[in-house]
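**Student:** how would this look folded up:
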Amino acid sequence: AHEIIENIISHYNFFQIQTIDSFINMLLSGCAFHLGLASNFQIKENYRTYLEYSLDKLIDKAQIDKEIL
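**Tutor:** Next comes the predicted model:
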């Protein structure tokens, strides 16, 4: 355990501590081109409108396609 701690301390500059949100944002930024995203994309924090829209679309499709249920 002592060796592991010493290794962590001596290589501390390689660690990046960040929130999950900033980690996902970093991943998406790095892969934006391959994902077909605009280079200036933004992650919306207020997702309620998008969630409601998606649920409405799902309900509409479920009325037509019974396999969804």
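
**Student:** How about the most centrally placed residue in the chain, nearest residue that isn't a chain neighbour?
**Tutor:** Central residue check for the chain by Cα atoms, centre = their mean: the C-alpha nearest the mean position is that of residue 24, 4.2 Å away. Spatial nearest neighbour of residue 24, chain neighbours left out: residue 43 (7.7 Å); criterion: Cβ to Cβ, 6 or more residues apart in numbering. To be clear about C-beta, it is placed using only N, CA and C from the backbone, and glycine gets the same treatment.

**Student:** and that neighbour, how many neighbours?
**Tutor:** Residues within reach of residue 43, counting by other Cβ atoms under 10 Å, total 10.

**Student:** Can you verify my assumption that it contacts residue 25?
**Tutor:** Yes - at 6.0 Å, residue 43 counts as touching residue 25 under the criterion of Cβ atoms under 8 Å.

**Student:** Tell me the confidence at the residue nearest to the centre of the chain?
**Tutor:** You'll see residue 24 listed with a pLDDT of 85.
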